[in-house]
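**Student:** Make a model of this:
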Amino acid sequence: MRRWAKRTLCGIITFICVVITYGLVLAHPEPLFAHRLKVRNFTFYSNSPIDPRIVQLVDEVKDKLARSEIFEPSVQFRVFIVGNKVKAGLLGKYPGLAPQDLFQGDIKYNVDFRNVYAGVLENWLKTKSAPILGKQFPPLQVV
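**Tutor:** This is a model prediction of the structure:
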């Protein structure tokens, strides 16, 4: 009986340690990332180098957010870019911020999210994307 109690107690203590460790990683994942870039209210974490041109993009996003009624300037945003299968770098053309490059004052997108989905479906999951997306989209090389 005594041996059973010791084994049970060790099991409970191990379980509690695992739960606490998991909770800490979920609450504070920052130490797991090799690269960090702080820009205004945004902090970017990544396992690969972060393109410094992101500063321009964050400035543009922050200007757009500041015009919103629901924007709270004291809120801090944490952005995590993770995954060893994720292709590092900018996918698509870098958005221009000059007035002639904007669409009605906003940044023009140049990558359709369906191209990203097609890339994940076809290049990572090895399945046809057209039946899922409704039609064929050129897959973006995200993985």
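
**Student:** which residues of this structure fall in strands?
**Tutor:** Applying DSSP state E to the chain gives strands spanning 35-39, 42-46, 77-81, 102-103, 106-107.

**Student:** Looking at Ile16 now. What's its pLDDT?
**Tutor:** Ile16 carries a pLDDT value of 90.

**Student:** count of neighbours near it?
**Tutor:** Residues within reach of Ile16, counting by other Cβ atoms under 10 Å, total 10. All C-beta atoms are positioned from the backbone trio N, CA, C, and that covers glycine.

**Student:** go on, Ser129?
**Tutor:** As a burial measure, Ser129 scores 22 neighbours (other Cβ under 10 Å).

**Student:** do you know which of the strands of the chain lies nearest Ile16?
**Tutor:** strand 77-81 (26.8 Å; Cβ to Cβ).

**Student:** related to what we said a few turns ago, out of the strands of the chain, which gets nearest to Arg53?
**Tutor:** Per Cβ to Cβ, nearest to Arg53 of these: strand 35-39, 10.9 Å.

**Student:** Just give the nearest non-adjacent residue to Asn115, would you?
**Tutor:** Nearest residue to Asn115 in three dimensions, chain neighbours excluded: Leu140, at 4.3 Å (Cβ to Cβ, 6 or more residues apart in numbering).

**Student:** The one you found reaches Leu121, doesn't it?
**Tutor:** No - distance between Leu140 and Leu121: 10.9 Å, which falls outside the contact criterion (Cβ atoms under 8 Å).

**Student:** burial of Leu133, as a residue count?
**Tutor:** Look at Leu133: counted by other Cβ under 10 Å, it has 15 neighbours.

**Student:** residues in contact with it?
**Tutor:** 114, 117-118, 121 (Cβ atoms under 8 Å, 6 or more residues apart in numbering).

**Student:** And these, which is closest to Pro31?
**Tutor:** Nearest to Pro31 among the contacts of Leu133, with distances taken as Cβ to Cβ, is Tyr117, at 31.4 Å.

**Student:** quick one on the thing from earlier: now, of the strands of the chain, which is deepest in the fold?
**Tutor:** Stretch with highest mean neighbour count among the strands of the chain: strand 42-46 (a mean of 18; mean count of other Cβ atoms under 10 Å).
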